[in-house]
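Student: Next one to model:
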Amino acid sequence: MKKRDIALIIGGIAIVLFLLAAPEETTKKVPTDTTHQKYYDLVKQEGKKAAEKFCEDCHNDEQVTFPPDHPPKARCLFCHKLEQ
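Tutor: Prediction:
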């Protein structure tokens, strides 16, 4: 075996160990209720970015508020996954 092959094997093992040690996903998923169903349909038709334009209509400082440590809200569906 060449040194390069050994390095690739060690690198692959390191990546697998890193992924196995990752914490469980804790971010809430987008509900599959009647309020959100039209956005599920929009994601299927036009993509996530098209649906994300409407998130702040309800999720804002007056209605459904964010926790103080919530990251910037530009890409909601990057973290909040759709139910399968």
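Student: going forward, measure contacts between C-alpha atoms and count neighbours the same way
Tutor: Noted.
Student: Please name the nearest non-neighbouring residue to residue 79.
Tutor: residue 27 (6.7 Å; C-alpha to C-alpha, 6 or more residues apart in numbering).
Student: how many other residues sit next to that neighbour?
Tutor: Neighbourhood size, residue 27 [other C-alpha atoms under 10 Å]: 9.
Student: Quick check, pLDDT for residue 15.
Tutor: Confidence at residue 15, expressed as pLDDT, is 96.
Student: before we move on, the earlier item: was I right to think the residue nearest to residue 79 contacts residue 80?
Tutor: Yes - between residue 27 and residue 80 there is a contact at 6.2 Å, judged by C-alpha atoms under 8 Å.
Student: Pull up the gap between the residue nearest to residue 79 and residue 77, please.
Tutor: 11 Å (C-alpha to C-alpha, to the nearest Å).
Student: Over to residue 35?
Tutor: For residue 35, the distance to residue 77 (C-alpha to C-alpha) stands at 16 Å.
Student: more neighbours, the two?
Tutor: Taking neighbours as other C-alpha under 10 Å, residue 35 and residue 77 compare with residue 77 leading, 17 against 8.
Student: any idea whether the more buried one is helix, strand or coil?
Tutor: The three-state label given to residue 77 by DSSP: H, G, I helix; E, B strand; the rest coil is helix.
Student: Just give me the neighbour total for residue 39.
Tutor: 23.
Student: Quick check: pLDDT value at it.
Tutor: pLDDT at residue 39 comes out at 95.
Student: three-state assignment of it?
Tutor: helix.
Student: quick one: it and residue 51 touch, right?
Tutor: Yes - contact status for residue 39 versus residue 51: in contact at 5.5 Å, counting by C-alpha under 8 Å.
Student: residues touching residue 52, list them.
Tutor: Contacts were defined as C-alpha atoms under 8 Å, 6 or more residues apart in numbering; by that measure residue 52 touches 74-77.
Student: Make CSV out of those residues and add distance to residue 22 and pLDDT.
Tutor: Formatted as CSV, these follow (distance: C-alpha to C-alpha, whole Å; pLDDT from 0 to 100):
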residue, distance to residue 22, pLDDT
74, 25, 77
75, 22, 88
76, 22, 93
77, 20, 93
